[in-house]
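Asks: Structure of the sequence below:
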Amino acid sequence: MEISGALNQYMNICRDAFNGYTAKLNKSTKYVVMETLLLFMVIPRKINFTQLARYGNRCEQCYRQTFSRKFDWVQYNLNLMEKLFGKNDRKAIAIDPSYISKSGKHTPNIGYFWSGVAGATKRGLEILGIGIIDIDIKDCIMLKAGQTPNAENLQKKNYTLIDWYLHVLDGMKDRLLTISKYVVADAYFAKSTFAQGVTDLGFHLVSRLRDDANLMYIYNGKPTGKRGRPKVYGEKIDFENLDYSKMERIESNSEDEELYTLVAYSKAMKRNIRLVIWRGSKGKRKLYFSTDINMSGKEVIEFYRTRFQIEFCYRDAKQYTGLYHSQARDERKLDFAFNASFTAINAAKIMMKQYNVPFSVESLKSLIFNSYLLDRFFKLSGTRPNKKINAKLVKELIDIAAYRAA
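Replies: Got it, this is the predicted structure:
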């Protein structure tokens with residue numbers, strides 16, 4: 001590998017993503033965006049404006065100005081998605097809010113939000129991440145992350161938290177509907193208000209119900225002929241004594257689980273749903289559902305289980321591309337930092353796929369860091385190494401961290 005081989009590969013991926021980018025951007029802004037995405041994969045520790053200026057080719061003020069500009073991250077990441085997923089048809093839209101640790105009195109939208117890790121409400125920020133998951137290759141690419149207003153700002157807008165999440169989806173629905181009509185979310189979103197709002201936008205919701213949800217069989221008997229409204233719902237589903245005649249079994253590759261599916265009525269969702277009942281070997285159960293009753297039970301399970309790929313995007317962005325590190329106190333700069341962090345991970349996934357890099361994100365970052373550092377040494381010293389003579393030595397220097405992490 002040449003000294004700048006890994007750098008050129010990564011930069012080419014970032015550059016090609018501008019093909020089909022419709023928003024007007026000058027060449028200088030495009031180059032700064034590409035350089036920023038590279039630096040997010042290069043900088044080994046805290047990623048802030050000071051570090052960007054230290055490792056980059058521009059002053060700190062230049063990066064601050066770039067972060068304050070508008071950038072269409074959705075379109076840019078859609079272009080990256082085509083390279084990662086290709087033309088696979090089975091895709092879904094994954095949404096997931098995440099707590100961001102932050103302090104300070106003047107940070108925009110700072111407030112109290114739920115932290116799943118702490119299992120409690122904590123002071124900080126929250127971002128709503130929207131990604132696309134590929135059901136067949138079981139991977140996720142993030143499209144956009146936006147800040148959630150705090151309780152005071154939500155009240156000013158006359159929004160509830162669910163209303164805000166629907167508002168974010170509404171702003172992207174035209175582009176999202178061209179990809180998939182299914183929105184996959186965790187059990188928090190299994191609410192009638194969210195399900196109805198998603199349906200009004202043209203989507204179907206795939207999620208999970210409480211283990212003790214109140215569900216009823218659909219009545220398929222003949223009309224009684226009596227006066228009044230015809231009977232629609234049957235008995236309440238007793239999960240300890242299931243009526244297997246009213247459901248079908250789904251084949252599973254595991255002997256430790258049983259899967260059954262049927263169309264049922266959910267009192268919480270206030271609608272008929274495609275229900276999947278999962279039963280484990282120790283008597284545990286989980287209830288998965290889709291608002292699309294024509295969806296197969298097997299697809300409901302596959303879609304929901306693939307949803308967890310968005311959690312890996314959060315994990316990688318937190319560990320390797322500084323999702324928590326921005327110290328900006330401007331909403332536009334914070335938005336740019338959050339999305340740049342996710343986009344750098346997207347580009348890294350594409351690089352590992354295209355060039356068959358058998359490493360994790362950690363080892364790939366070490367590879368790019370070594371290449372960048374060695375390239376900077378030669379550029380600052382004004383020395384041009386003989387590639388033929390030094391090829392083996394350079395490759396060992398670049399790959400040393402990758403060998404350690406492999």
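
Asks: Pull the contacting residues for Ile141.
Replies: Residues in contact with Ile141 (Cβ atoms under 8 Å, 6 or more residues apart in numbering) are 77, 80-81, 84-85, 131-132, 313, 346, 349. C-beta coordinates here come from the backbone N, C-alpha and C atoms, glycine included.

Asks: helix or strand for it, which one?
Replies: Element membership for Ile141, per DSSP states H and E: strand 139-147.

Asks: CA atoms of that strand as CSV?
Replies: The C-alpha trace of strand 139-147 is given here as CSV (Å, rounded to 0.1, in the frame of the first residue of the first chain):
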residue,chain,number,x,y,z
ASP,A,139,-26.4,-3.3,8.2
CYS,A,140,-27.4,0.3,8.8
ILE,A,141,-26.4,3.6,7.3
MET,A,142,-27.3,6.8,9.1
LEU,A,143,-29.1,9.5,7.1
LYS,A,144,-29.5,12.3,9.6
ALA,A,145,-29.5,13.2,13.3
GLY,A,146,-31.3,16.1,14.7
GLN,A,147,-31.6,17.7,18.2
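
Asks: I'd like to check what contacts the helix or strand following it. Which residues are they?
Replies: Later in the chain than strand 139-147, the nearest helix or strand by DSSP H and E is helix 151-157. Contacting residues not belonging to helix 151-157 are listed as 109, 111-112, 149, 160-161, 164 [Cβ under 8 Å, 6+ apart].

Asks: If we go by neighbour counts, what in the host helix or strand of Tyr260 is buried?
Replies: Element membership for Tyr260, per DSSP H and E: strand 257-266. For strand 257-266, the buried set under the neighbour-count rule, 16 or more other Cβ atoms under 10 Å, comprises 258-266.

Asks: neighbouring strands for that strand, and are they parallel or not?
Replies: Strand 257-266 pairs in its sheet with strand 215-218 (antiparallel), strand 248-250 (antiparallel), strand 271-280 (antiparallel), by DSSP bridges.

Asks: which residues are contacting that strand?
Replies: Strand 257-266 is contacted from outside by 209, 213-218, 232-233, 237, 242, 244, 246-252, 271-281, 289, 293, 296-298, 300-301, using Cβ under 8 Å, 6+ apart.

Asks: one step back: next step: the contacts of Ile141 restricted to strands.
Replies: Per DSSP state E, strands hold the following members of those: 131-132.

Asks: Just to check, Lys236 is in contact with Asp212?
Replies: No. With contact defined as Cβ atoms under 8 Å, Lys236 and Asp212 do not form a contacting pair (11.5 Å).

Asks: Of the two, which one has the most company?
Replies: Using other Cβ atoms under 10 Å, the more surrounded residue of Lys236 and Asp212 is Lys236, with 13 against 9.

Asks: Leaving out the residues flanking it, which one is nearest to that one?
Replies: The shortest distance from Lys236 to any non-neighbouring residue, by Cβ to Cβ, 6 or more residues apart in numbering, is to Met216 (5.4 Å).

Asks: burial measure for the one you found, as a count.
Replies: Residues near Met216, counting by other Cβ under 10 Å: 16.

Asks: Equivalent analysis for Gln9, please.
Replies: Residues lying near Gln9 (other Cβ under 10 Å) number 18.

Asks: just checking, it is part of a strand?
Replies: No. Applying DSSP: H, G, I helix; E, B strand; the rest coil, one finds Gln9 to be helix, outside a strand.

Asks: How about the contacts made by Glu251?
Replies: 259, 298 are the contacts of Glu251 under Cβ under 8 Å, 6+ apart.

Asks: Residues touching stretch 174-189, excluding its own?
Replies: Stretch 174-189 is contacted by residues 74-75, 78, 91-96, 130, 132-133, 162, 165, 169, 194-195, 198, 202-210, 290, 292, 303-304, 306-307 when judged by Cβ under 8 Å, 6+ apart.

Asks: Quick one: buried ones out of these?
Replies: Buried positions within the contacts of stretch 174-189, assessed by neighbour count (16+ other Cβ under 10 Å), are 74-75, 78, 91-96, 130, 132-133, 165, 169, 194-195, 198, 203-209, 290, 292, 303-304, 306-307.
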